[in-house]
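Student: turn this into a structure:
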Amino acid sequence: MKQFILVAGFLSATCCCLNAQENTIAPPENLVVEGVPKIPASLEAALGRYTENRSAFVTDWNPVRREMLIGTRFGNTYQAHLVMMPGGARQQLTFFREPVYGGSFHPKDGDYFVYQKDVGGGEWYQFFRYDFATGDSTLLTDGKSRNTSLRWSQGGDQIVYVSTRRNKQDTDLWAMNPTDPKTDHMLTQLTGGGWEPQGWSPDDKQVLLMEEISVNETYLWLVNSSTGEKTELTPRKTGEQVTYAAANFSRDGKGVYVSTDKDSQFLRLAYIDLATKKMTIVTPDLSWDVDEFQQSWDVDCVSEQRGRDQQAASA
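Tutor: Numbers count the residues shown, from 1 in each chain. Model (predicted):
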């Protein structure tokens, strides 16, 4: 018995010595590992330069000053930073355990910005207002539901977004003035979770709303920004599934530009006349998708045709 104890003790000491020499990574307790070779700690250290790299991305430009908001990671989460000049140092603005996404300046004065942040790690995203004068953040939404897809009005005094606040399931369309969270209200009650506002009309009287049924089937709606009444812009047809991707109002508000695969295997840029509901394909001969487009808002469109030509050039 004494001999057995001595041998067992020797083996235990030998194993400890080998582990110390090899310095390997122990698997998590919730994993059962069989037949997997030990991973040297040196390998983890060597891979750190690739797994712990830091990226930065632009989230918005200041409308009146040569400044930009960026998102970048310090520690374990992305936070909002301000860059005040070309080549300038970034100034960290938010300091949270949860990541900060999508900072967007007030489009008229840039005196505050609205950002989206997770609460509690459950992807229950909330909107906050950050005031530059005080450095304070103010919760705009209810703190419990999931809130996404913010779009500013052209006048800059309203936002719309979708929220699960009503029943934690359906994403209704909500609106508010970010300077006064008490103005927050449900604009349109919706069914399902595939809704996303695309933008406001130039006169702020309508909101363009997209309904996604699947990756192959989407629809566009117009929502009255005062009453919440919605009107179907792209009709449903039995046996036909059409994808409408990026969409927004034309500069004159008489139509909508949209990327769609209607009558094609590719996404093409199209124009929908709001008066007639007639669709005109702007990029007819493409063998690739138009995923996104951007209008040039600093150039007046003389006519709808000229506007469509400018869109095609951007695409």
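
Student: off-centre distance for the helix or strand hosting Glu212?
Tutor: Under the criterion of DSSP states H and E, Glu212 resides in strand 206-214. From the chain centre to the centre of strand 206-214 is a distance of 16 Å (Cα atoms, centre = their mean, to the nearest Å).

Student: likewise for stretch 97-104?
Tutor: Distance, centroid of stretch 97-104 to centroid of chain: 10 Å (Cα atoms, centre = their mean).

Student: and for stretch 37-47?
Tutor: With Cα atoms, centre = their mean, you get 35 Å for stretch 37-47.

Student: cool, and stretch 95-102?
Tutor: Using Cα atoms, centre = their mean, the offset of stretch 95-102 from its chain centre is 14 Å.

Student: mind listing residues that contact it?
Tutor: 59, 71, 77-80, 94, 115-121, 125, 150 (Cβ atoms under 8 Å, 6 or more residues apart in numbering). Where C-beta positions appear, they are placed from N, C-alpha and C, glycine not excepted.

Student: try 7 Å
Tutor: 59, 71, 77-80, 94, 115-119, 121 (Cβ atoms under 7 Å, 6 or more residues apart in numbering).

Student: just the angle between the host helix or strand of Ala245 and strand 206-214, please?
Tutor: Counting by DSSP H and E, the element that carries Ala245 is strand 244-249. Calculated by axes from the mean of the first three to the mean of the last three Cα atoms, to 10 degrees, strand 244-249 forms an angle of 180 degrees with strand 206-214.

Student: which positions in strand 244-249 come out as buried?
Tutor: 244-249 (16 or more other Cβ atoms under 10 Å).

Student: going through the contacts of stretch 95-102, which ones are buried?
Tutor: By 16+ other Cβ under 10 Å, those give 59, 71, 78-80, 94, 115-119 as buried.

Student: from those residues, pick the one nearest Leu43.
Tutor: Tyr78 (27.0 Å; Cβ to Cβ).

Student: for that closest one, give the beta-bridge partners.
Tutor: Following DSSP bridges, Tyr78 is listed with bridge partners Arg73.

Student: returning to what we had before: buried set for the strand holding Glu212?
Tutor: 206-212.

Student: circling back: quick check: the two most widely separated of the buried residues of strand 244-249?
Tutor: Ala245 and Phe249 (15.5 Å).

Student: this completes my enquiry, with thanks.
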